[in-house]
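Participant: Predicted model follows, preceded by the sequence.
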Amino acid sequence: MSLRLKDLYQGFRDPQTIQALAKQIHSTAQKLREPLAIMEVCGGHTHTIMKYGLSQVLPSNIDFIHGPGCPVCIMPKERIDQAITLAQMDNSILLTLGDMIRVPGSKSSLAKERAKGFDIRALYSPLDALKIAQENPDKNVIFFAIGFETTTPMTAAILEQSLALGLQNLFFHINHVLVSPAVHAIMQDDSCKITALIGPSHVSVISGAKIYQPLAEEFQVPIVVSGFEPVDVMQSILLIVKQVVADQHRVEIQYSRAVTVEGNHKAQQLIERYLELRDHFRWRGLGDIPLSGLQLKPQFSALDAEKVFAEYLSDEPIDDHKRCICGDILRGHAKPKACNLFGKGCDPTRPLGSCMVSSEGACHAYYKYAQVILPRDITVQKSQPS
Amino acid sequence: MKRVELSHGGGGVESQQLIQNLFYRAFGNEILLKAEDAAVLAIEGQVAFTTDSFTVSPLFFQGGNIGKLAVAGTVNDLAMMGAKPLYLSCAFMIEEGFLWSELETIVFSMAAELKKCGTKVVCGDTKVVPKGAVDQLFINTSGIGQIIAPLHAFPSGQGLKKDDAIIVSGDIGRHGAVILAARESLNLQSDLQSDCEVLWPAIQALFNAGVDCHALRDATRGGLSALLNEWASSSQVCIEIDEDNIPIDDAVQGLCELLGFDALDFANEGTFVLSVSAKQADLALQTLQQFTFCQNATVIGRVSDFQAGLVILQSPWGSQRVLEWPKGELLPRIC
């Protein structure tokens, strides 16, 4: 019998399992001495929590803080402007992934520029970049590479194949960033309210859970690497609650069907072959974080769009609105409604700050659900900590 | 290989050849063959009138082609108003160099769909434009239908009533999934067929059975999400949907899992939703399930006064979330 895709996820969405886990979390969470503020670092987990309404089946002393793990939300405006500039050059085709296309820079977005007639394409498979470069030998094809450790090996793989094919017209604008330095920047703030972390799924498949060990030790917080399905997230929350109750702060892997401590060596080697740490990267909402991003190694600078087209590109930082409090929201200091701009000048159609940009951002989620009084008829009633 | 040339749209001998050898052969009926400047129609009572333009890439997909779509789309818009589709106009915008054989296939598949509901093409137009001016072929159809829904039971997006049952006529999202999978850039293979279908026979059966459809609509672009949101908003009611009851084919769900889409946002071309009083739900289901294309018809939710204007999805483990309007173009999740 062949394996069906359904077999891979069905069990992880099983209502009875979710309810059983909710019950266990409720009973264990009664032993919590203070409320838990769990940051789910990755936008994928934010999506799971929202889509499956998980916070509604959890006790009221467990709260989520939506983290910075959405590659689209954290892209500073000046780099989106760079993508737009690259797309506007003569003879260029700009390639990028998914949502990136609709995020506004300082004046425009890639989608708006595409409507003006510039050749901008959202790829389904990044490897299509090779084909597009081969089919358009007289054009500069520029891959605006985005994402955390998850998508980085793919960029390295494209680069490797491009070199093997001897392509002269495929360039890379690297915006790959790293999870740990960003989480570190948030956690090291003295007033940071986060008491536990749900570690990203797919980042960890590549990097291994080992990258979180220093965070768990330095900040004394439990970190559980979780899968993306609702049962995964519920089980991870249970593991976190158990650790807190037992006064532990370990890195645990719930997503053991895909994640190991060491990660994917081949992918890591591929990244190391072509990319190196960037001195600093400016994160939208968090600001400049040292050693938090990647760039092409100097020997590949002939393919580095930032170098090749340097004369056209401005590095000038473009900040979000000065009253935007995304940084505080990411650190768990403030809820979106505390922001003066929330819904007044800043909304999902005209985002002024990172948290309003993508549907995975905290402000965006609050904006959509603000008018709704939920839940009703919740099977597992919320319980107060005793 | 014979191709459509600019001269075929020039109004001369070649145009006449195209019209007589292809369009008359496929669509021929006494009104069309009169070949006057306009068709003269005699219709009794109230009529419904609608128009739609069709562009799809690829033109041929599993379960249909642009021609089938162009007939089903307009016929279904009439049917959803409780109108028997009587007459269609049909305009083709053809890119120079388009394969004659493909045009023939498309036109004859239109004729086959028309037959299913007894609808006639009574006027038409052909433009052939230079290469690059359109993407292969665009079709516009307009349709006129005779309202047969009783006046007191006219289906409307504003007609939803508290405690109504919300019924979907089949599994959702197949057309959207087929088109997405067929895109060259995705290179996916599946046996999935588009749900593209002329729905009038099923709608007629509902009226004949005495089902009082408070609201009736086909879930085309924007899918089930857009349709339910439109209704909740126009009728100022809350629509509560049991997520587990929404029929979704495994292959459609699989595609969504792979790319991070939601089947509720996918377009349908032969799947519709109706709102009927709870006591008529069984009658509606029995009536629909006689048709092959409605075999999976099922109740997916109900109308309430919980939160007017919102669609709420109930998960099987007791949580709720708001089903939003689909927005922007469908883009795959990044990681």
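Facilitator: Cool, got the structure.
Participant: name the helices or strands packed onto the least confident helix or strand in chain B by mean pLDDT?
Facilitator: Within chain B, confidence by mean pLDDT, DSSP states H and E is lowest for strand B:320-322 among all helices and strands, at a mean of 87. Packing partners of strand B:320-322 (3 or more Cβ pairs under 8 Å, 6 or more residues apart in numbering or on different chains; DSSP states H and E): strand B:311-314. C-beta: built from backbone N, CA, C; applies to glycine.
Participant: longest single strand anywhere in chain B?
Facilitator: strand B:83-95 (DSSP state E).
Participant: could you give the mean pLDDT of it?
Facilitator: When pLDDT is averaged over strand B:83-95, the result is 97.
Participant: Can you tell me the strand partners of that strand and which way each runs?
Facilitator: Using DSSP bridges, strand B:83-95 pairs in its sheet with strand B:120-129 (parallel), strand B:137-147 (antiparallel).
Participant: Export these to TSV and append columns for mean neighbour count and distance to B:Ser315.
Facilitator: As requested, those are arranged in TSV below (neighbours: other Cβ atoms under 10 Å in any protein chain shown; distance: least, Cβ to Cβ, whole Å):
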stretch	mean neighbour count	distance to B:Ser315
strand B:120-129	18	47
strand B:137-147	21	40
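Participant: about what we covered before: next secondary structure after the longest strand of chain B?
Facilitator: Downstream of strand B:83-95, the next assigned helix or strand under DSSP states H and E is helix B:100-117.
Participant: And the contacts of that following helix?
Facilitator: Applying Cβ atoms under 8 Å, 6 or more residues apart in numbering or on different chains, the contact partners of helix B:100-117 are B:1-4, B:22-23, B:26-27, B:59-60, B:64-68, B:70-72, B:75, B:79, B:85, B:88, B:90, B:92, B:94, B:120-121, B:137, B:198, B:200-201.
Participant: Show me which positions of that helix end up buried.
Facilitator: B:100, B:102-103, B:106-107, B:109-111, B:113-114, B:117 (16 or more other Cβ atoms under 10 Å in any protein chain shown).
Participant: With stretch A:162-182 instead?
Facilitator: Buried, per 16+ other Cβ under 10 Å, within stretch A:162-182: A:162, A:167, A:169-182.
Participant: what's the first-to-last distance across it?
Facilitator: One end of stretch A:162-182 to the other measures 31 Å (Cα to Cα, to the nearest Å).
Participant: so who does residue 139 touch?
Facilitator: Since no chain was named, I'll use chain A. Neighbours of A:Lys139 in contact, by Cβ under 8 Å, 6+ apart: A:91-93, A:119, A:169.
Participant: wrong one, chain B
Facilitator: Contacts of B:Ile139 by Cβ under 8 Å, 6+ apart are B:53-54, B:66-67, B:70, B:90-93.
Participant: got it, and A:Asp232?
Facilitator: A:12, A:48, A:201, A:226, A:254-255 are the contacts of A:Asp232 under Cβ under 8 Å, 6+ apart.
Participant: ok, B:Cys123 touching B:Ser89?
Facilitator: Yes. At 4.8 Å, B:Cys123 and B:Ser89 qualify as touching, with contact defined as Cβ atoms under 8 Å.
Participant: Point out where the chain drops to low pLDDT.
Facilitator: If you meant another chain, say so; for now it's chain A. Scanning chain A for pLDDT under 70 picks out A:1, A:369-386.
Participant: Wait, chain B was what I had in mind.
Facilitator: Along chain B, the model assigns pLDDT under 70 to residues B:184-185, B:328-335.
Participant: any idea how far A:Tyr52 is from the closest residue to chain A within it?
Facilitator: Relative to chain A, the nearest point of chain B is B:Ser319 (2.8 Å; Cβ to the nearest Cβ). B:Ser319 is 6 Å from A:Tyr52, where distance means Cβ to Cβ, to the nearest Å.
Participant: all strands of the chain, in order?
Facilitator: Answering for chain A, as no chain was given. Under DSSP E, chain A gives strands at A:36-42, A:62-69, A:92-97, A:119-123, A:140-147, A:170-176, A:196-199, A:223-225, A:251-253, A:275-283, A:287-296.
Participant: I was after chain B.
Facilitator: With strands called from DSSP E, chain B shows them at B:47-54, B:60-61, B:64-65, B:83-95, B:120-129, B:137-147, B:164-168, B:215-218, B:238-242, B:272-277, B:298-304, B:311-314, B:320-322.
Participant: what about those, which gets the closest to A:Gly43?
Facilitator: When the strands of chain B are compared by Cβ to Cβ, strand B:320-322 sits nearest A:Gly43, at 16.8 Å.
Participant: Give me the sheet partners of that closest one and which way each runs.
Facilitator: Here, using DSSP bridges, strand B:320-322 pairs with strand B:311-314 (antiparallel).
Participant: Now do the partner strand: everything it contacts.
Facilitator: With contact meaning Cβ under 8 Å, 6+ apart, strand B:311-314 is reached by A:374, B:225, B:228-229, B:232, B:238-243, B:301, B:306, B:320-323.
Participant: Show me just the buried residues among these.
Facilitator: The neighbour-count test (16+ other Cβ under 10 Å) marks A:374, B:225, B:228-229, B:232, B:238-241, B:243, B:301, B:306, B:320-323 as buried among the contacts of strand B:311-314.
Participant: Nearest residue to residue 158 in space, please, no chain neighbours.
Facilitator: Because you didn't say which chain, this covers chain A. Distances taken as Cβ to Cβ, 6 or more residues apart in numbering or on different chains put A:Ala129 closest to A:Ile158, at 5.4 Å, once the chain neighbours are dropped.
Participant: I was thinking of chain B, sorry if that wasn't clear
Facilitator: Spatial nearest neighbour of B:Gln158, excluding adjacent residues (Cβ to Cβ, 6+ apart): B:Ser234 at 4.8 Å.
Participant: residues near the one you found, how many?
Facilitator: Residues contacting B:Ser234 under the criterion other Cβ atoms under 10 Å in any protein chain shown number 15.
Participant: same question, A:Gln161
Facilitator: 14.
Participant: wait, isn't it in contact with A:Leu130?
Facilitator: Yes. Counting by Cβ under 8 Å, A:Gln161 does reach A:Leu130; the two are 5.7 Å apart.
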